[in-house]
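Asks: sequence-free structure coming up:
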């Protein structure tokens, strides 16, 4: 048995979500700069739709 305290996973999940959202917006900005506003909007919309369809 270990004497280490059990830490909740919430701080790690929050950091993961924040870094994921940051990477998502950086991706959209890069797509906007390289391919234009329409492609960035289409990519963001398709990712949003995929996340909402896959949500429980």
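Replies: Now that the structure is in, tell me what you want to look at. Every value quoted in this text rests on a predicted model; they were computed, and no experiment measured them.

Asks: Buried by neighbour count: which residues of the helix or strand where residue 33 lies qualify?
Replies: Counting by DSSP states H and E, the element that carries residue 33 is helix 10-35. Neighbour counts using 16 or more other CB atoms under 10 Å place 28, 31-32 of helix 10-35 among the buried residues. Where C-beta positions appear, they are placed from N, C-alpha and C, glycine not excepted.

Asks: immediately after it, which helix or strand?
Replies: Remark: after helix 10-35, the chain's next helix or strand is helix 37-54, criterion DSSP H and E.

Asks: quick one: that next one to helix 10-35, angle?
Replies: Computed by axes from the mean of the first three to the mean of the last three CA atoms, to 10 degrees, the angle separating helix 37-54 from helix 10-35 equals 150 degrees.

Asks: Check which helices and strands helix 37-54 is in contact with.
Replies: Identification of packing neighbours for helix 37-54 by 3 or more CB pairs under 8 Å, 6 or more residues apart in numbering; DSSP states H and E yields helix 10-35.

Asks: Which of the buried residues of helix 10-35 sits closest to residue 6?
Replies: Distances from residue 6 to these, taken as CB to CB, are shortest for residue 28 (37.6 Å).

Asks: correct me, but the closest one touches residue 43?
Replies: Yes. Under the contact definition of CB atoms under 8 Å, residue 28 touches residue 43, with a separation of 6.6 Å.

Asks: Walk me through the regions of the chain where pLDDT falls short of the threshold, as ranges.
Replies: Counting by pLDDT under 70, the chain contains low-confidence ranges at 1-2, 7-10, 56.

Asks: Please repeat the previous calculation with a cut-off of 80.
Replies: Low-confidence segments of the chain (pLDDT under 80): 1-14, 55-56.

Asks: State the number of residues packed around residue 38.
Replies: As a burial measure, residue 38 scores 10 neighbours (other CB atoms under 10 Å).

Asks: Check residue 42 too.
Replies: Under the criterion other CB under 10 Å, the count of neighbours that residue 42 has is 13.

Asks: Would you check the distance separating stretch 34-53 from the middle of the chain?
Replies: Using CA atoms, centre = their mean, to the nearest Å, we find the averaged C-alpha position of stretch 34-53 to lie 13 Å away from the chain's own average C-alpha position.
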